[in-house]
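Student: Fold the stuff below for me.
(2 chains)
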Number of protein chains: 2
Amino acid sequence: MTLTRVLSGFLLAIALIATLPGVAKATDDPLPSWNDGSVKKAVVDFVTRVTREGGPDFVAPAERIATFDNDGTLWAEQPIYFQLQFALDRVKALAPQHPEWKNTQPFKSLLEGDKKGFAAGGEKALLEVMAVSHSGMTTEEFEGIVKDWLATAKHPRFKRPYDEVVYQPMLELLAYLRASGFKTFIVSGGGVEFMRAWVEKVYGIPPEQVVGSMGKQKFELRDGKPVIVKLPAVDFVDDKEGKPIGIQKFIGRRPIFAFGNSDGDQQMLQWTAAGEGPRFMGLVHHTDAEREWAYDRTSHIGKLDKALDEANAKGWTVVDMKKDWKRVFPFESSSTGSPAMELVK
Amino acid sequence: MTLTRVLSGFLLAIALIATLPGVAKATDDPLPSWNDGSVKKAVVDFVTRVTREGGPDFVAPAERIATFDNDGTLWAEQPIYFQLQFALDRVKALAPQHPEWKNTQPFKSLLEGDKKGFAAGGEKALLEVMAVSHSGMTTEEFEGIVKDWLATAKHPRFKRPYDEVVYQPMLELLAYLRASGFKTFIVSGGGVEFMRAWVEKVYGIPPEQVVGSMGKQKFELRDGKPVIVKLPAVDFVDDKEGKPIGIQKFIGRRPIFAFGNSDGDQQMLQWTAAGEGPRFMGLVHHTDAEREWAYDRTSHIGKLDKALDEANAKGWTVVDMKKDWKRVFPFESSSTGSPAMELVK
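Tutor: Numbers count the residues shown, from 1 in each chain, chains lettered A, B, ... in the order given. So this is what the prediction gives:
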């Protein structure tokens, strides 16, 4: 058998394998839950440009860093941030061990369901709730507590575990970027250890690619066994100006692709935009009160005001959830509102 | 052409390609600069065990986290830490712009070459030198300064750029681990931005896999362009107890393989050892005054005392540089002291 024959068999075999069912073809749509339009086109065009070897906008794989906010960008954030719901649920679960909370604010209001009283406690009340729910245990214990909560708690509107209330189009975008040689990171104001307990399973993002807010920690030997204990003190807040700093400290390389949804993401997008070469800056605009929520400039959660102005001024990509997403959540059947589906009917 | 024929051609082609020169075979030695012996065997046995699919010690690729100290483990650290040499050189380079330093300590002693006077300043003097050399510029400016220094400064003993004074056996170990599906990280007391300027080129470790000490930073807009400015304040010291905390904060997953060389690495090795399943803990013991340096229990730099006791007590792997390394530096020709070479002669 000559080398030529062997190689032609080899090439034929590859060609054949590529046509087998289940193997993705280049013509398959990598973003099936996105409606056709300028937003989807902007994403696909960008990825095509930076991955075309020899092209003017080619970016080496090592430089293909993509960063995503989490709350409101990858999973929902209404009616309250899911991590805050976790903290409130945790206080209720711990209450039997803390009889003194019945007479101590902010726990008293919280346990009595007195929202107004709890809100009166302001930031101090929130920090106290975060402290008792997020510190005083080892990092391993905390991971177990978060996983238990996700296994039992349900989102009040969708009656699903919180880690199912994630955006199907963004799951597809993460997978598409990774298949195109990108390394995908989370850069979120949420707690880094809260996220790491579940994001690998849900988003395919490993713990070492999660940047978030964090508390101080202490290393100690307990009966000769080393543990890391979570302390009730803030170490780093990964929000607004903190996001580019978190990127610099944890990743050390400027993203070429970044996605957020609120003013807390504005500086991350500015930092991304200011690098050399091709850049993609995206914002999810929550415009769909029917399938999700509609909120922006005046919302207490996920306020999108200045970042929206800058996006409009600078031509950043803004996702109109209602118009651009065929499907919002994985558990939802394909929307009948999709133009593509209309054509089929 | 039947499918069988196509597939047999495909398999034959693969078999043929594997025999071509330049393609590594499974029998090639992945660690040619390591002498045969218990240390090399321990490394290879560990990697073989954790990568054998279906075996009792198999570890999924995502969990194959390997962490390495830098100073004294991947590159040399004598006669002084290279980053300190960078700082001292930087003060000299900046002196013309700071005439006041001629009469201000610790700069006066430093510029006059008065080692005793400088040493008298203790930690405060060091911090001042670190502050003027490592802050007051943007992160991008600092990266350029480090690269310029590496392009011009020479190690006093080897007359080579500092980033060539790295250990050939450890370069091979890093490559071997990566080829075996490990993700290799640096976890060093050195400055994270000092290292990121060159470690990708030298070690093949990307910036997002470097954990180190760091100063505080500030995000700001300068004429509308976002920059991150390095501030003269310590944020995190990645040494001793700081190493497991750095691992937890930056990586978020416990290593299964860790290598250090000093008491500063003891807690990282303890943290690695305390996980479930197979574990590898290694120490480089500097025993070779001829080719490198010999130092351990009483050294001011890279003191190896308590960690050596714990390694001996617990059966961690200790590299005897003189005995276990056939070659120390890439620029050095193969040592004639190697047992393997003796046999050939």
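Student: all contacts plus neighbour counts: C-alpha atoms, from now on.
Tutor: OK.
Student: Write out the residues of the stretch 151-300 of chain A neighbouring chain B.
Tutor: For the stretch 151-300 of chain A, the residues in contact with chain B (Cα under 8 Å from any Cα of the partner chain) are A:192-193, A:196, A:206-209, A:211, A:214, A:217-220, A:225-228, A:241-242, A:244-245, A:249-253, A:270-271, A:274.
Student: Angles on the backbone of the nearest residue to A:Y81 once chain neighbours are set aside, please.
Tutor: Nearest non-adjacent residue to A:Y81, counting by Cα to Cα, 6 or more residues apart in numbering or on different chains: A:D71, 7.1 Å away. In terms of degrees, to the nearest 10, the main-chain angles of A:D71 are phi -60, psi 120.
Student: Specify the beta-bridge partners of A:D71.
Tutor: Counting by DSSP bridges, A:D71 is bridged to A:W75.
Student: measure it to chain B for me?
Tutor: Separation of A:D71 from chain B (Cα to the nearest Cα, to the nearest Å): 20 Å.
Student: wait, doesn't that residue sit right on A:P79?
Tutor: No. Contact between A:D71 and A:P79 fails when scored by Cα atoms under 8 Å: they sit 11.7 Å apart.
Student: A:T104 - how many residues pack around it?
Tutor: A:T104 is flanked by 10 other residues according to other Cα atoms under 10 Å in any protein chain shown.
Student: which of the residues of the stretch 151-300 of chain A next to chain B count as buried?
Tutor: A:192-193, A:196, A:206-209, A:211, A:214, A:217, A:219, A:226-228, A:241-242, A:244-245, A:249-253, A:270-271 (16 or more other Cα atoms under 10 Å in any protein chain shown).
Student: Now intersect the residues of the stretch 151-300 of chain A next to chain B with the helices, please.
Tutor: Judged by DSSP state H, the subset of those located in helices is A:192-193, A:196, A:242, A:244-245, A:270-271.
Student: residue contacts, A:D148?
Tutor: Counting by Cα atoms under 8 Å, 6 or more residues apart in numbering or on different chains, A:D148 touches no other residue.
Student: measure it to chain B for me?
Tutor: 19 Å.
Student: what about that residue, which SS state?
Tutor: Here A:D148 is recorded as helix under DSSP: H, G, I helix; E, B strand; the rest coil.
Student: Give me the pLDDT for it.
Tutor: pLDDT, the model's per-residue confidence, is 98 for A:D148.
Student: Repeat that for the one 10 residues further on.
Tutor: The predicted local distance difference test score for A:F158 is 98.
Student: Identify, from the ones in helices among the residues of the stretch 151-300 of chain A next to chain B, the entry nearest to B:Q266.
Tutor: Among these, A:E193 lies closest to B:Q266 (Cα to Cα), at 24.3 Å.
Student: ok, back up a step: A:D71 and A:P79: who's more crowded?
Tutor: A side-by-side neighbour count of A:D71 and A:P79, using other Cα under 10 Å, places A:D71 first with 22 against 12.
Student: quick one: contacts for that one?
Tutor: Shown in contact with A:D71 (Cα under 8 Å, 6+ apart): A:77, A:81, A:188, A:190, A:302.
Student: Return the entry from these with the maximum number of neighbours.
Tutor: Greatest neighbour count in the contacts of A:D71, by other Cα under 10 Å, goes to A:S188: 28 neighbours.
Student: nearest spatial neighbour of A:R254, skipping sequence neighbours?
Tutor: A:T272 (6.3 Å).
Student: Okay, that neighbour and B:F250: tell me how far apart.
Tutor: Between A:T272 and B:F250 the computed distance is 21 Å (Cα to Cα, to the nearest Å).
Student: Now, the contacts of A:D71 that are in strands?
Tutor: Judged by DSSP state E, these include A:188, A:190 as members of strands.
Student: which one of the contacts of A:D71 is nearest B:P61?
Tutor: Using Cα to Cα, A:S188 is the member of the contacts of A:D71 that lies nearest B:P61, at 25.8 Å.
Student: Thought A:D238 was touching that closest one, still the case?
Tutor: Yes. Using Cα under 8 Å, A:S188 is in contact with A:D238, at 6.1 Å.
Student: Pull up the overlap in contacts between the two.
Tutor: What both A:S188 and A:D238 touch, as defined by Cα under 8 Å, 6+ apart, is the set A:211-213.
Student: quick one: which of the residues you listed is nearest to chain B?
Tutor: A:V211 (7.8 Å; Cα to the nearest Cα).
Student: contacting residues for that closest one?
Tutor: With Cα under 8 Å, 6+ apart, A:V211 has these contacts: A:185-188, A:192, A:238, A:246-247, A:250, B:250.
Student: Tally up the residues packed near A:T272, please.
Tutor: 25.
Student: so what's the closest residue to A:R253 other than its chain neighbours up against?
Tutor: Nearest-residue entry for A:R253: B:P207, 6.6 Å, with adjacent residues in sequence omitted and distances by Cα to Cα, 6+ apart. Neighbouring residues of B:P207 by Cα under 8 Å, 6+ apart: A:251-253, B:196, B:199-200.
Student: ok, now with 10 Å
Tutor: For B:P207, the contacting residues are A:62, A:248-253, B:185-186, B:192-193, B:195-200, by Cα atoms under 10 Å, 6 or more residues apart in numbering or on different chains.
Student: Also A:R90?
Tutor: Going by Cα under 10 Å, 6+ apart, the list of residues near A:R90 reads A:84, A:129-130, A:132-134, A:145-146, A:149.
Student: can you check A:N70 too?
Tutor: A:76-77, A:166, A:185-190, A:195, A:199, A:210, A:212, A:259-261 are the contacts of A:N70 under Cα under 10 Å, 6+ apart.
Student: Nearest to A:T317, out of those: which one, please.
Tutor: Distances from A:T317 to the contacts of A:N70, taken by Cα to Cα, are shortest for A:F259, at 9.1 Å.
Student: Hmm, the closest one is touching A:G282, no?
Tutor: Yes. Using Cα atoms under 10 Å, A:F259 is in contact with A:G282, at 4.5 Å.
Student: who has more neighbours, the two?
Tutor: A:F259 (27 against 23).
Student: What strands flank the helix or strand hosting that one, and is each parallel or antiparallel?
Tutor: Using DSSP states H and E, A:F259 sits in strand A:257-260. Strand A:257-260 has its sheet partners listed here by DSSP bridges as strand A:65-68 (parallel), strand A:280-287 (parallel).
Student: then it to PDB, C-alphas only?
Tutor: Taking Å, rounded to 0.1, in the frame of the first residue of the first chain, the C-alpha atoms of strand A:257-260 are listed here in PDB:
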ATOM      1  CA  PHE A 257     -15.300  40.000  24.300                       C
ATOM      2  CA  ALA A 258     -17.400  41.100  27.300                       C
ATOM      3  CA  PHE A 259     -21.100  40.800  28.100                       C
ATOM      4  CA  GLY A 260     -23.000  42.400  30.900                       C
END
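Student: Next, A:D235: phi, psi?
Tutor: Dihedral pair for A:D235: phi -110, psi -40, per degrees, to the nearest 10.
Student: List the contacts of it.
Tutor: Contacts of A:D235 (Cα under 10 Å, 6+ apart): A:213-217, B:235-236.
Student: residues touching A:K154, list them.
Tutor: A:160-165.
Student: check which helix or strand covers it.
Tutor: According to DSSP H and E, A:K154 maps onto no helix or strand at all.
Student: now it: how far from A:E164?
Tutor: Applying Cα to Cα to A:K154 and A:E164 gives a distance of 10 Å.
Student: Point me to the residue sitting closest to the centre of chain A.
Tutor: Nearest to the geometric centre of chain A sits A:N70, at 2.6 Å (Cα atoms, centre = their mean).
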